[in-house]
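> Sequence and predicted structure are below.
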Amino acid sequence: MNLLPGPVAIRPDVREALSEMPVSHRSEAFLKTLRNAKELLCQLTGSRQVEIMIGSGTLANDAIAGQLSLTAGRGLILSNGEFGDRLVDHASRFRLSFDVLRSDWGDVFDYERVERVIRQDALVDWLWAVHCETSTGVLNDIGMLKEACAKRSVRLCVDCISSIGTVPVDLGSVYLASCVSGKGLGAFPGLSMVFYNHQIPPAPGALPRYLDLGFYASRDGVPFTHSSNLVSALLRALQRFRSTNRFVETLDLSMWLKGRLRELGYHVVTPDAHASPAVITIALPDPLRSGDLGRQLEDAGYMLSYRSDYLLKRNWIQICLMAEWSRERLVPLLDKLREICAPARRSMA
Ligand SMILES: Cc1ncc(COP(=O)(O)O)c(C=O)c1O
């Protein structure tokens, strides 16, 4: 049972689409599939445009950093976890000029402070933050950021890599946002996306071809070789979002699961009020070690997220609900957690 934040469990019809013979990225069939996938992505997020690139989420964030490097103004990056820190790294590698506002891992941002910084520093031109901070499960408040940015015409960029497909996301007034195929959307890893709502001209003198969103836009989204297999699988996965009430179901299941975990004596790191329903982070008490528990659960058939350095370092383990789950399918995991952890629970009591 795959409870990872990616790759996620893939439905049979999506697997089938991947295994079809590849078709040329210049064929009418491929262009139609790509157009349909883009249309569904825009419908799902309320965005006007999207470019789909071959690569992981890191590519989409590099493409965003590339766009920001074309603007003269300074930026503000918010970080309350691993992926906020990675945005800082993306921006540093592009030598962008920016400040960083940090909150502790697992905490939310002080939105009044964000507003104050934007108000007091007229040079702030863009703000970049992570929506679902996957390292902790905190769901940062895009609505608050949109409000703060709108007051000063600050361009808002958001990493939505682990939020799109798990919670409702409205990118209507967002400048640039990143996403991937292999998490909440339930397709294979390998495609990354950047959403936008404005015209992006090509920047041949300033950006590498692969990172130049305007170049994608000027070539109808296909500037060079694309993967018909990955795009077909993505389209198949996206078609599911039209017919199910996925977000409500995930939230309901997550609340139920967190309740059971707390009954077993586990500490869920992120308070429910600002947590993503799809990423449940558990801080293990001594003498449990996340590496040992993760391996034991793996041997029992449950793949949880624990191998990342930042999780091992904090002795955290994560249960992710990015694919389709039900209470019935999660009960055996809870039984296993009870069984494996019984000695530790006694020492917790
Ligand atoms: C919020 C967030 N941003 C960025 C990334 C990096 O994406 P990738 O590993 O696909 O390059 C991840 C990966 O988990 C993520 O969760």
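Nice, thanks for sending it over. Numbering: from 1, shown residues only.
> How about stretch 182-192 and the ligand, any contact?
No - judged by C-beta under 6 Å from any ligand atom, stretch 182-192 makes no contact with the ligand; its nearest approach is 6.7 Å. Backbone N, C-alpha and C define where each C-beta goes, glycine included.
> Can you measure across that stretch, start residue to end residue?
9 Å (C-alpha to C-alpha, to the nearest Å).
> now swap in stretch 17-29 and tell me
Per C-alpha to C-alpha, stretch 17-29 runs 14 Å from first to last residue.
> List the contacts of that stretch.
30, 188, 222, 224-230, 232-233, 235-236 (C-beta atoms under 8 Å, 6 or more residues apart in numbering).
> Now do the residue of the stretch 1-150 of the chain at minimum distance from the ligand against Val194, distance only.
Going by C-beta to the nearest ligand atom, the ligand is nearest to Gly57 of the stretch 1-150 of the chain, at 2.7 Å. Using C-beta to C-beta, to the nearest Å, Gly57 is found at 10 Å from Val194.
> Also Leu297?
For Leu297, the distance to Val194 - C-beta to C-beta - is 35 Å.
> out of the two, which sits in the more crowded spot?
More crowded of Leu297 and Val194, by other C-beta atoms under 10 Å: Val194, with 27 against 21.
> Quick check: the residue nearest to Ala278 when sequence neighbours are not counted vs the ligand, distance?
Spatial nearest neighbour of Ala278, excluding adjacent residues (C-beta to C-beta, 6 or more residues apart in numbering): Thr166 at 3.7 Å. Distance from Thr166 to the ligand, counting by C-beta to the nearest ligand atom, to the nearest Å: 11 Å.
> May I ask you to confirm that Thr166 is in contact with Cys132?
Yes - look at Thr166 against Cys132 with C-beta atoms under 8 Å: they come within range, at 7.1 Å.
> what's the overlap in contacts for those two?
Overlap of the contact sets of Thr166 and Cys132 (by C-beta under 8 Å, 6+ apart) consists of Ser276, Ala278.
> now the strands for the stretch 51-200 of the chain?
Assigned by DSSP state E, counting those that start in this stretch, the stretch 51-200 of the chain shows strands spanning 74-79, 98-102, 124-130, 132-133, 138-139, 155-159, 176-180, 191-196.
> I'd like those strands written out as JSON lines, with mean pLDDT added.
Output for the strands of the stretch 51-200 of the chain, formatted as JSON lines (pLDDT from 0 to 100):
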{"stretch": "strand 74-79", "mean pLDDT": "97"}
{"stretch": "strand 98-102", "mean pLDDT": "97"}
{"stretch": "strand 124-130", "mean pLDDT": "97"}
{"stretch": "strand 132-133", "mean pLDDT": "98"}
{"stretch": "strand 138-139", "mean pLDDT": "98"}
{"stretch": "strand 155-159", "mean pLDDT": "98"}
{"stretch": "strand 176-180", "mean pLDDT": "98"}
{"stretch": "strand 191-196", "mean pLDDT": "98"}
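> Need the winner for burial among those strands.
Highest mean neighbour count of the strands of the stretch 51-200 of the chain: strand 132-133, a mean of 30 (counted as mean count of other C-beta atoms under 10 Å).
> Could you list every helix and strand that that one packs against?
helix 82-93, strand 138-139 (3 or more C-beta pairs under 8 Å, 6 or more residues apart in numbering; DSSP states H and E).
> Return the most buried member of these.
Of all those, strand 138-139 has the most neighbours on average by mean count of other C-beta under 10 Å, namely a mean of 26.
> How many residues are close by the nearest residue to Ser103 once chain neighbours are set aside?
Closest residue in space to Ser103, ignoring its immediate chain neighbours: Asn80 at 4.1 Å, by C-beta to C-beta, 6+ apart. By other C-beta under 10 Å, the residues close to Asn80 number 23.
> is it true that Asn80 touches Asp104?
Yes - Asn80 lies in contact with Asp104 (C-beta under 8 Å); the separation is 6.8 Å.
> Cool, thanks, talk later.
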